[in-house]
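> Quick one, fold the following:
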Amino acid sequence: MVTRYPGAPNPDRAALKRTGEMVRARLAADPQVHRVPVDKAEIWALSDFVNAEECERLIELVDAGAEPSKVLGNDEYGAWRSSYSGNVDRYDPLVQMIERRIDDLIGLPNAWGETIQGQRYAPGQEFKDHMDWFWTKAPYWPKEAREGGQRSITAMIYLCDVARGGETEFPNIGVSIPPQAGALIIWNNAESDGTPNDFTLHAGRPVVEGVKYVITKWYRTRDWG
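From the prediction side, this is the model:
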């Protein structure tokens, strides 16, 4: 496994540790939440987090804002992240309701959460191996540090089934999660001591048949923006 974090400053370590503790305790106390049985990363799943009607409306919102996806720190796009994506309308009543549900489930303040981003993958489109946490030696880090700090928790909802392909894969821990309409997956981007976790390396594998829609909400270590 190739890692980028050792040697990089980790100014949010204590905050990442506290955030992980809060979310871990909250989800452990919820009998509907399933902890994926792996040791090197914390991943949770919950079926039927949103219903079919809500999925349909969210898909419309994703389509309304979808543009060719970019990768943070790189103004180019294409082979590495070939999907379409864009922020949804955070003032839409349904979006606000979904945000409140996620906030309540994981126990973090709404103000720590970024605007929900929607993603659409047609056949052949993918997002290759990447981390959600920020590399603090990157040129983009000073801006992100001012605007909420390190990403702590990722929450992603599948809005539809996919006939073939489109799995969310964590290749270094042998976890592959197929899209299931309405299901929510959550992971902690840090280890229990607050170190960004290289084992959260993940990818959206290519869609083979069908179209994949997801929405993602990232939480920081303090108020975002």
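> Which of the helices or strands spans the spatially closest residue to residue 80 that is not a sequence neighbour?
Spatial nearest neighbour of residue 80, excluding adjacent residues (C-beta to C-beta, 6 or more residues apart in numbering): residue 128 at 5.1 Å. For every residue, glycine as well, the C-beta is placed using N, CA and C. In the assignment (DSSP states H and E), residue 128 maps to strand 127-130.
> Need the contact partners of that strand.
69, 71, 79-83, 119, 121, 171, 201-204 (C-beta atoms under 8 Å, 6 or more residues apart in numbering).
> Now the two most distant members of these.
69 and 171 (19.9 Å; C-beta to C-beta).
> Compare the two (neighbour count), which wins?
residue 69 (21 against 14; other C-beta atoms under 10 Å).
> contacting residues around that one?
Contacts of residue 69 by C-beta under 8 Å, 6+ apart are 77, 81, 82, 83, 84, 85, 119, 127.
> Can I get stretch 53-65 in PDB? Just the C-alpha atoms.
Presented in PDB, the C-alpha positions along stretch 53-65 are these (Å, rounded to 0.1, in the frame of the first residue of the first chain):
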ATOM      1  CA  GLU A  53     -39.800   8.600  -3.700                       C
ATOM      2  CA  GLU A  54     -37.000  10.500  -2.000                       C
ATOM      3  CA  CYS A  55     -34.400   8.700  -4.200                       C
ATOM      4  CA  GLU A  56     -36.300   9.800  -7.300                       C
ATOM      5  CA  ARG A  57     -36.400  13.400  -6.200                       C
ATOM      6  CA  LEU A  58     -32.700  13.400  -5.200                       C
ATOM      7  CA  ILE A  59     -31.800  12.000  -8.600                       C
ATOM      8  CA  GLU A  60     -33.500  14.900 -10.200                       C
ATOM      9  CA  LEU A  61     -31.500  17.300  -8.000                       C
ATOM     10  CA  VAL A  62     -28.300  15.500  -9.000                       C
ATOM     11  CA  ASP A  63     -29.100  15.800 -12.700                       C
ATOM     12  CA  ALA A  64     -29.900  19.500 -12.300                       C
ATOM     13  CA  GLY A  65     -26.300  20.300 -11.100                       C
END
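> for the longest helix seen in the chain, what is the average pLDDT?
Counting residues, the longest helix in the chain under DSSP state H turns out to be helix 13-28. Averaged over helix 13-28, pLDDT sits at 98.
> strands paired with whichever helix or strand comes after it, and their directions?
Sequence order places strand 34-35 as the next helix or strand after helix 13-28, per DSSP H and E. In the sheet containing strand 34-35, its partner strands are strand 43-46 (antiparallel), by DSSP bridges.
> how far does stretch 87-95 stretch from start to finish?
11 Å (C-alpha to C-alpha, to the nearest Å).
> residues of that stretch that come out buried?
For stretch 87-95, the buried set under the neighbour-count rule, 16 or more other C-beta atoms under 10 Å, comprises 88, 92, 94, 95.
> Right, I'll call it a day here.
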